[in-house]
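Student: got a predicted structure plus its sequence, pasted below:
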Amino acid sequence: MRGLTAALRRQKAPQLMRGQRNPKAPDIGKLITVRVSPKTRARIDTGPRHRTFCIVSNPRQAVRNVPKIEQIDAFIVDIPTIRGHVLSMTTMRAQSAVIVRLRCSDGSDGIGEGTTIGGLSYCPESPESIVSAIDTYLAPALMGQEANGIAHALALMDRHARGNRIAKSAVEMALWDALGKRLGVSVAQLFGGQIVQDMPVAWTLASGNSDTDIVEAEQMIALRRHNIFKLKIGKRAVREDVAHVGRIKAALGDSASIRVDVNQAWSLADARWGLKGLQDVGCELVEQPVQARFVNAMAELTRSYEIAVMADEALGGPEDALSMASRKAADVFAVKIAQSGGLMRARDVVSIGQAAGIALYGGTMLETAVGTAAALQLFSTVEHLAWGTEFFGPLLLKDDILTTPLTYRDFRVAVPQGAGLGITLDPAKIDFYRRDKARSLHAVAGE
Ligand SMILES: [Mg+2]
């Protein structure tokens, strides 16, 4: 209607800087009254002289203010762990996390994280390859794109880079954080809203020594921090590992749930012995006992023993989840945002698990508090995590990189509140742990 257009035009503000909000532009939801022209009144015969409209959108303003992706920075932070973390494939003494900072044309920004375990020993992506993929391929593809179009951004990243799920996940996470901050809502709200405020959180015992692990577990129970323990095994002979698990279960009794993660180390023959022995000593769950590609072996183990079998490395996104579910190759899915290729795809993995009647578990790549906050946001929208979570990543590190650390209490971890991921990076900590800054400082000091 011409009257309405004219009314909007009259409210047009003077020239604005890019990203600046027009204070005179009609607000969404505002009621605006316009005069109906005599010509229109004559046509529709008996209308009122004035009509009131509610502003639901202003296309001119919308086009002008669509935020664009302006800058994406990715860098590695190296943070020491509180102790050696002994896995079947390596021993971690530090975690190298990739942090992404994304800035948009309206001044909004987002934080993301892409992290793997043990350099290149866990999966085909390393901290260095994640930074390289973002800097060289993903960031250039996204420059100038609409920051609200996260599905489009993901499609663009897929077009420019095959695989590289962790790198894509880090950028996607930053886009969700920025969108949430722009709208003033949490990422959980963007995924349908929070159902739970906190969730159970397991601790991983991975010192490699039974007595040390027992002392550590007893401390965790006494502090009311954890009573679910995952033991990292697979480095020693199967019988030795089963005896190690048995000693810890016997010491802790019913005060704790004991589970193991083999990280693909066993052959099918090893796994048959292992699963039988583990369930006999009271272990409740075994995670990824054989290589991810041996789906038939996972199916056989799932079928043949009472102990629950969980898929982890085998789940590289929705396609793998569908394959594992259709071949009945797991009782439980360990759903990880990074391994799935982002929050949207992790949510798809959750949905496939739910549809197939497969139990769910919130998995970690031992992320810092950034990736952990993203996982908390996403999994707070899932009604039933039958096996809880392992969102303890920040606790394994000697230092936290947030201004306000996540809250662990009464065997649970709380979902951070606030817009986006609900977290703020501590700039001094980031500066201290950044590998590129450390390198330049080192060069100055050494030369
Ligand atoms: Mg695992």
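Tutor: Now that the structure is in, tell me what you want to look at. Residues are numbered from 1 along each chain as shown.

Student: okay, now Arg303: neighbour count?
Tutor: Using other CB atoms under 10 Å, Arg303 has 11 neighbouring residues. Backbone N, C-alpha and C define where each C-beta goes, glycine included.

Student: helix/strand/coil for Leu231?
Tutor: Using DSSP: H, G, I helix; E, B strand; the rest coil, the structure places Leu231 in strand.

Student: for it, name its beta-bridge partners.
Tutor: Beta bridges link Leu231 to Leu205, Val260 when assigned by DSSP bridges.

Student: pull the contacting residues for it.
Tutor: Leu231 is in contact with Thr204, Leu205, Ala206, Asp213, His244, Val245, Ile248, Ile258, Arg259, Val260, Asp261, counting by CB atoms under 8 Å, 6 or more residues apart in numbering.

Student: can you report how many residues neighbour the closest residue to the last one other than its chain neighbours?
Tutor: If you skip the residues right next to it in sequence, Asp261 has Glu287 as its closest partner in space, 4.0 Å away by CB to CB, 6 or more residues apart in numbering. One way to gauge burial is a neighbour count; for Glu287, by other CB under 10 Å, it gives 26.

Student: pLDDT score assigned to Glu287?
Tutor: pLDDT, Glu287: 98.

Student: is it in a bridge, and if so with what?
Tutor: Asp261, Met310.

Student: isn't it up against Gln264?
Tutor: No. The criterion here is CB atoms under 8 Å, and Glu287 misses it with Gln264 at 9.7 Å.

Student: quick check: what element follows whichever helix in the chain runs longest along the chain?
Tutor: For the chain, the helix with the greatest residue count under DSSP state H is helix 165-183. Per DSSP states H and E, helix 165-183 leads on to helix 187-190 as the next helix or strand towards the C-terminus.

Student: list the contacts of the following helix or strand past that following helix.
Tutor: As assigned by DSSP H and E, the chain's next helix or strand after helix 187-190 is strand 198-200. Contact with strand 198-200 is made by 228, 362, 376, 379-380, 385, 388-389, 391, 411-415, as judged by CB under 8 Å, 6+ apart.

Student: sort the contacts of Leu231 by pLDDT and name the bottom one.
Tutor: Ala206 (87).

Student: look up how far Ile258 lies from it.
Tutor: For Ala206, the distance to Ile258 equals 13 Å [CB to CB, to the nearest Å].

Student: show me what from this protein comes close to the ion.
Tutor: Asp261, Glu287, Asp312 (CB under 5 Å from the ion).

Student: hmm, 8 Å instead?
Tutor: Asp261, Asn263, Glu287, Gln288, Met310, Asp312, Glu313, Ala334, Gly363 (CB under 8 Å from the ion).

Student: my guess is the last one meets Ala338, correct?
Tutor: If I follow you right, that is Gly363. No. Between Gly363 and Ala338 there is no contact under CB under 8 Å: 9.3 Å.

Student: those two: which has the busier surroundings?
Tutor: For Gly363 versus Ala338, the count of surrounding residues by other CB under 10 Å is larger for Ala338: 31 against 26.

Student: which secondary structure state does the more buried one sit in?
Tutor: Put simply, Ala338 is helix when judged by three-state DSSP.

Student: what does Ile99 give?
Tutor: For Ile99, the assignment made with three-state DSSP gives strand.

Student: that one pairs with what?
Tutor: Judged by DSSP bridges, the bridge partners of Ile99 are Phe75, Glu113.

Student: how near is it to the ion?
Tutor: Separation of Ile99 from the ion (CB to the ion, to the nearest Å) stands at 23 Å.

Student: return the per-residue confidence for the closest residue to Ile150 other than its chain neighbours.
Tutor: Leaving aside its chain neighbours, Ile150 sits nearest to Leu175 (4.9 Å; criterion: CB to CB, 6+ apart). For Leu175, the pLDDT comes out at 98.

Student: what is the neighbour count of the residue of the chain at minimum distance from the ion?
Tutor: Per CB to the ion, the residue of the chain with the smallest distance to the ion is Asp312, at 3.7 Å. Asp312 has 21 neighbours, counted by other CB under 10 Å.

Student: ok, now which ones touch it?
Tutor: Applying CB under 8 Å, 6+ apart, we find Asp312 in contact with Asp261, Asn263, Glu287, Gln288, Ala334, Lys336, Gln339, Gly363.

Student: cool, Ala74 as well?
Tutor: Residues near Ala74 by CB under 8 Å, 6+ apart: Val98, Ile99, Val100, Arg101, Gly114, Ile130, Val131, Ile134, Asp135, Ala139, Ala170.

Student: at 7 Å what do you get?
Tutor: The contact partners of Ala74, by CB atoms under 7 Å, 6 or more residues apart in numbering, come to Val98, Val100, Val131, Ile134, Asp135, Ala170.

Student: quick check: closest non-adjacent residue to the last one.
Tutor: Leaving aside its sequence neighbours, Ala170 sits nearest to Gly114 (CB to CB, 6+ apart; 3.0 Å).

Student: repeat that for the fourth one.
Tutor: Closest residue to Ile134 apart from its sequence neighbours, by CB to CB, 6+ apart: Ala74 at 4.1 Å.

Student: for the stretch 151-300 of the chain, which spans come out with low pLDDT?
Tutor: Under the criterion of pLDDT under 70, none of the stretch 151-300 of the chain is flagged as low confidence.

Student: show me how this structure divides into domains.
Tutor: 2-65, 69-184, 190-426 (automatic domain parsing).

Student: which of those domains sits closest to Arg435?
Tutor: Smallest distance to Arg435 across these (CB to CB): 4.3 Å, for domain 69-184.

Student: the closest one: end-to-end distance?
Tutor: Domain 69-184 has an end-to-end distance of 18 Å (criterion: CA to CA, to the nearest Å).

Student: burial of Arg224, as a residue count?
Tutor: 12.

Student: what about it, distance to Asn164?
Tutor: Look at Arg224 and Asn164: by CB to CB, they are 40 Å apart.
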